[in-house]
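# model the following, please.
(one chain, ligands or ions: 1)
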Amino acid sequence: MILTPEQHWVCPNCDHAEVTGGADNRFHPCPGLAGLLAPMVLEGTRVSVRAVLREDYVGREDVRYDGDGRPVMAVVTERDDGMDRVVFAPAARVTRG
Ligand SMILES: [Zn+2]
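Numbering: from 1, shown residues only. Presented below is the predicted three-dimensional model:
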């Protein structure tokens, strides 16, 4: 019999917590990041999760907005040993004339 240890996941930006039987990465719509889909981290680890706002002109591109209407380029997870980045790539809109 193989026992799978419980994993306790927390969010550094809100009170959301989950317990799972596997080590898969967990994501949730985070109220602390204005509703963006944000990764959860293992309880007890020192990790920061933050949104990277887009500062240049959006124009007619389709971009991701947070719940406050700000354009977001990415959600960055910084650990002691590295960094993950979920990028929301803008898409061009094509119209036929
Ligand atoms: Zn959260």
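# hey, let's count contacts and neighbours off CA atoms from now on
OK.
# residues in contact with Arg85?
Residues in contact with Arg85 (C-alpha atoms under 8 Å, 6 or more residues apart in numbering) are 74-77.
# for PyMOL, write the selection for the buried entries among those residues.
Selection of buried members from the contacts of Arg85 for PyMOL, criterion 16 or more other C-alpha atoms under 10 Å:
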select buried, resi 74+75+76+77
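# turn the contacts of Arg85 into JSON lines, including pLDDT.
Formatted as JSON lines, the contacts of Arg85 follow (pLDDT from 0 to 100):
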{"residue": "Ala74", "pLDDT": "94"}
{"residue": "Val75", "pLDDT": "94"}
{"residue": "Val76", "pLDDT": "95"}
{"residue": "Thr77", "pLDDT": "94"}
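# so which of the contacts of Arg85 reach the ion?
Filtering those for proximity to the ion (criterion: C-alpha under 5 Å from the ion) leaves nothing.
# looking at the contacts of Arg85, which are in strands?
In this view, those that belong to strands under DSSP state E are 74-77.
# ok, now how distant is the residue positioned nearest the centre of the chain from the ion?
Nearest to the mean C-alpha position of the chain, by C-alpha atoms, centre = their mean, lies Ala38 at 2.5 Å. Ala38 sits 7 Å away from the ion when distances are taken as C-alpha to the ion, to the nearest Å.
# and the helix or strand encompassing that residue, how far out from the chain middle?
In this assignment (DSSP states H and E), Ala38 forms part of strand 36-39. Using C-alpha atoms, centre = their mean, to the nearest Å, the distance from the centre of strand 36-39 to the centre of the chain it belongs to is 3 Å.
# then stretch 34-48?
With C-alpha atoms, centre = their mean, you get 8 Å for stretch 34-48.
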